[in-house]
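Peer 1: what shape does this take:
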Amino acid sequence: MTSTAILSGIMLVVFFTVMIFVGYGARKEATDVNGFVLGGRSVGPWLTAFAFGTSYFSAVIFVGYAGQFGWNFGMSATWAGLGNAFIGSLLAWNILGRRTRVMTQHLDAKTMPDFFGKRFESTPLKVAASVIVFIFLIPYTASLYNGLSSLFGMAFDIPYWVIIIVMAVLTGVYVIVGGYMATAINDFIQGVIMLFGIAAVIYSVIQDNGGLVESMKGLSQISGDAGWNGAYSSFFGPDPLALLFVVILTSLGTWGLPQMVGKFYAIKSEHDIHKGTVISTIFAIVVAGGCYFLGGFGRLYADKIAVNPETGKPLFDTIVPTMLSTLPSAIIAIVIVLVLSASMSTLSSLVLTSSSTFTLDVINPLSKKEITEKKQVSIMRIFIVFFIAVSAIIAIVKDAYPTVTFIAQMMGVSWGALAGAFLAPFLYGLYWKGITKISTVVCFVWGCAIAIFQMIITLAQIDVTGWGPILSYIFKSSINSGVVAMVGGLIIVPVVSIFTKKQEKEELDGIFSCYSKHVDTTAGEYLE
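Peer 2: Take a look at the predicted model:
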């Protein structure tokens, strides 16, 4: 057994032991629905900020996106990380954080579909939103296992399916036992590992190439697909417009993702929101900025990266693992725990979101008998097992049959579908009394239709070059169509709302009364 395997094994055993211990310790907080789903709405700023960040940045970003966008854009891919920090974290917390916390508590909404149902007083709307979450979160969940195979292959000679099952079982144990609080505490621990891990990896990769100056010099001499030297070390890279679409999708998209927005439901106080905003932003700068910055050096390893024999293009999921393969055993061990932490934190957030949404927003409304709190928690635990099992099976099948591309392509549109459907109605629903139920329905249809249309184009390999300059650019990739779905929703919702029936004034006044409620506080918490 190699030194890398021994060191990695020791670190993983310690890591898994801590995860299970935290889950067991948090079991007292998970006895009712409010505690299991939201941690009793009493989670502090550090736990909430790290839960937000670790749910945001998974192994998909560290292995997949960092490799892909770093290869395509070079050092300018770092803009995607900075966009994630300042748009996806800082602005999200400032614009959504406080109003989400206040209104969801006022409406007693525990999930995003529950918010839509109570904000617009429509059970069918709640069920429809829950179905959208169910459909598009499963492939997202399955994708979290991507990249683990090649990374674990550096240290262990074990089948990939074993890695998937171990990760799935251990994540399931601590989420089922401890609910949201166990997830939040473990997210904090995993976030600390990610912070130190990404810093160590960046330093090691740069040193492996002779230092920062030499690394940048080497990158500046590569012409690659851009056709001119310096493209991959330039400020905006070889394709600024494509880079802008990446920044918008990966940054603004978080505003409409239920597993992200749900973190604001649980934060404890006004003061904690301000503190959490700062912590979350710094976390995103280091982790997201660091991931994309690291990926920018991918072309320095062009001669070692595996390529697709049919297209001749690099296999993006192998770029980052290839960059790390020459590093010391200790760094590889840290990376393995880092990527596992990123995957497990996002997996726990997604399965908790999926199970709670399906239980509270589909089963509850459709049940003829009233379901007790204890039984609701039991049902959620059953669905956590179900969602984890389904995602693990999909990941194993996808690995065993590489030609099965359906799930991989569906993952490419899931982010755009969820954000395209939910971002606009959720944002306007928090701030504007004029938004209507019909406009929300139209936005749901719009976001899902764009995503499904994109998936059909991709799977059928339809040539869109003859569709004209605008349509061909929009449907060239799921990134572009996802941005159109989100931005289009922000336009469609207010336009449709102007021409459709509004809610009753008394209903709206009751919903928005939470923002005008007078409370006593200290000058340290609030200034006149």
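
Peer 1: surely residue 187 touches residue 48?
Peer 2: No - contact between residue 187 and residue 48 fails when scored by CB atoms under 8 Å: they sit 9.2 Å apart. Yep, even glycine has a C-beta here, placed from its N, CA and C like the rest.

Peer 1: in the protein, what secondary structure element scores lowest on mean pLDDT?
Peer 2: Across the helices and strands of the chain, mean confidence by mean pLDDT, DSSP states H and E is lowest for helix 148-153: a mean of 66.

Peer 1: and the helix or strand just after it, what other elements does it pack with?
Peer 2: Counting by DSSP states H and E, the next helix or strand C-terminal to helix 148-153 is helix 160-208. Counting contacts by 3 or more CB pairs under 8 Å, 6 or more residues apart in numbering; DSSP states H and E, the secondary-structure elements packed against helix 160-208 are helix 3-25, helix 33-38, helix 45-56, helix 148-153, helix 270-295, helix 319-324, helix 329-358, helix 373-400.

Peer 1: centre of the chain to the very next helix or strand once past helix 160-208, how far?
Peer 2: With elements assigned by DSSP H and E, the helix or strand that comes after helix 160-208 is helix 212-220. Distance of helix 212-220 from its chain centroid, counting by CA atoms, centre = their mean, to the nearest Å, is 32 Å.

Peer 1: what of stretch 455-465?
Peer 2: The answer for stretch 455-465 is 25 Å, by CA atoms, centre = their mean.

Peer 1: go on, stretch 89-108?
Peer 2: A distance of 18 Å separates the centroid of the chain from that of stretch 89-108, by CA atoms, centre = their mean.

Peer 1: mind putting the helices and strands packed on helix 160-208 into CSV with distance to residue 72 and mean neighbour count?
Peer 2: As requested, the helices and strands packed on helix 160-208 are exported to CSV (distance: least, CB to CB, whole Å; neighbours: other CB atoms under 10 Å):
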stretch, distance to residue 72, mean neighbour count
helix 3-25, 30, 17
helix 33-38, 39, 24
helix 45-56, 21, 27
helix 148-153, 20, 21
helix 270-295, 9, 22
helix 319-324, 11, 25
helix 329-358, 21, 25
helix 373-400, 23, 18
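
Peer 1: wait, isn't residue 133 in contact with residue 112?
Peer 2: Yes - look at residue 133 against residue 112 with CB under 8 Å: they come within range, at 7.3 Å.

Peer 1: now the common contact residues for these two.
Peer 2: 258, 357 (CB atoms under 8 Å, 6 or more residues apart in numbering).

Peer 1: between the two, which is the more surrounded one?
Peer 2: residue 112 (30 against 27; other CB atoms under 10 Å).

Peer 1: how near is that one to residue 4?
Peer 2: Distance of residue 112 to residue 4, computed by CB to CB, to the nearest Å: 42 Å.

Peer 1: what of residue 236?
Peer 2: For residue 236, the distance to residue 4 equals 38 Å [CB to CB].

Peer 1: kindly report the same for residue 337.
Peer 2: 12 Å.

Peer 1: same check on residue 199?
Peer 2: 20 Å.

Peer 1: now swap in residue 169 and tell me
Peer 2: From residue 169 across to residue 4, the span is 24 Å (CB to CB).

Peer 1: for residue 135, same thing?
Peer 2: 40 Å.

Peer 1: residue contacts, the residue sitting nearest the centre point of the chain?
Peer 2: Among the residues of the chain, the one closest to the centroid is residue 56, at 3.8 Å (CA atoms, centre = their mean). The contact partners of residue 56, by CB under 8 Å, 6+ apart, come to 84, 88-89, 254, 260, 284, 288, 346.

Peer 1: so which two of those residues are the farthest from each other?
Peer 2: By the measure CB to CB, 89 and 346 form the most distant pair in these, at 15.2 Å.

Peer 1: what about residue 370, neighbour count?
Peer 2: Here the number of neighbours of residue 370 (other CB under 10 Å) works out to 7.

Peer 1: secondary structure element holding it?
Peer 2: Using DSSP H and E, residue 370 falls within no helix or strand.

Peer 1: could you check the pLDDT of it?
Peer 2: pLDDT, residue 370: 81.

Peer 1: quick one, phi psi at it?
Peer 2: Backbone torsions of residue 370, given as degrees, to the nearest 10, read phi -70, psi 130.

Peer 1: what's the helix or strand for the nearest residue to residue 441 once chain neighbours are set aside?
Peer 2: Excluding the flanking residues, the one nearest residue 441 by CB to CB, 6 or more residues apart in numbering is residue 125, at 6.9 Å. Using DSSP H and E, residue 125 sits within helix 123-143.

Peer 1: quick one: buried residues of that helix?
Peer 2: Counting neighbours by 16 or more other CB atoms under 10 Å, one finds that the buried residues in helix 123-143 are 125-143.

Peer 1: tell me the secondary structure for residue 434?
Peer 2: Under DSSP: H, G, I helix; E, B strand; the rest coil, residue 434 falls in the coil class.

Peer 1: so which strand or helix has the residue nearest to it when sequence neighbours are not counted?
Peer 2: The shortest distance from residue 434 to any non-neighbouring residue, by CB to CB, 6+ apart, is to residue 497 (5.5 Å). Secondary structure from DSSP H and E places residue 497 in helix 478-498.

Peer 1: for that helix, what is the average pLDDT?
Peer 2: For helix 478-498, the per-residue pLDDT averages 93.
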